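**Q** coordinates only, sequence not included:
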């Protein structure tokens, strides 16, 4: 593999497939820089907002919270995360991201083990929305 080092500025990022109220922007992908084994992007969730239920297929995801108060809901329960925390999402794990704050956006950097965003939105499991916003 060959290529050049690239600096991707905020204005260079492009909107990518979203889940519910989540804004997802690609920064490193095949289309953006020619990446072959990783996808990296910026994600924002407005105050009090919630994503759709979704998973990322075969991809592993690592999420670094830049700012805000996030909640991740899975079949196994709820998992709260704060600025500075890193969240790992295994392949095929259906989850919902929620912003627990009504005054501050959640801002995240997301990396996946594929060059594609791989977002599969699914029906919201019964009771998950309530767990995300309680």
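**A** Received, thanks. Predicted model, so just to flag it, every value in this text is computed and none were measured.

**Q** With adjacent residues omitted, what lies nearest to residue 128?
**A** residue 73 (5.1 Å; CB to CB, 6 or more residues apart in numbering). All C-beta spots, glycine's among them, are computed from the backbone N, C-alpha and C.

**Q** Now do whichever helix in the chain runs longest: everything it contacts.
**A** For the chain, the helix that runs over the most residues, judged by DSSP state H, is helix 128-133. For helix 128-133, contacts defined as CB atoms under 8 Å, 6 or more residues apart in numbering pick out 48, 50, 53, 71, 73, 78, 96, 98.

**Q** Just the buried residues of stretch 47-59, please?
**A** 49, 50, 51, 52, 53, 54, 55, 56, 59 (16 or more other CB atoms under 10 Å).

**Q** thinking residue 121 is in contact with residue 57, fair?
**A** No: in this structure residue 121 lies outside contact range of residue 57 using CB atoms under 8 Å: 11.9 Å.

**Q** State the distance spanning the first to the last residue of stretch 69-84.
**A** Distance between the two ends of stretch 69-84: 10 Å, counting by CA to CA, to the nearest Å.

**Q** residues of that stretch that come out buried?
**A** 69, 70, 71, 72, 73, 74, 81.

**Q** Looking at those, which one is closest to residue 112?
**A** Nearest to residue 112 out of the buried residues of stretch 69-84 is residue 72 (CB to CB; 15.5 Å).

**Q** how about the closest one, phi and psi?
**A** phi -110, psi 130 (degrees, to the nearest 10).

**Q** what's the pLDDT at it?
**A** Residue 72 carries a pLDDT value of 96.

**Q** Across the sheet, point out what pairs with it.
**A** residue 79, residue 97 (DSSP bridges).

**Q** quick one on the thing from earlier: adding distance to residue 112, write the contacts of helix 128-133 out as a markdown table.
**A** Formatted as a markdown table, the contacts of helix 128-133 follow (distance: CB to CB, whole Å):
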| residue | distance to residue 112 |
| --- | --- |
| 48 | 26 |
| 50 | 21 |
| 53 | 18 |
| 71 | 21 |
| 73 | 19 |
| 78 | 22 |
| 96 | 17 |
| 98 | 20 |
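
**Q** Can you show me the strands along the chain?
**A** 14-15, 23-28, 39-45, 54-55, 61-67, 69-74, 77-82, 86-89, 96-99, 106-112, 120-121 (DSSP state E).
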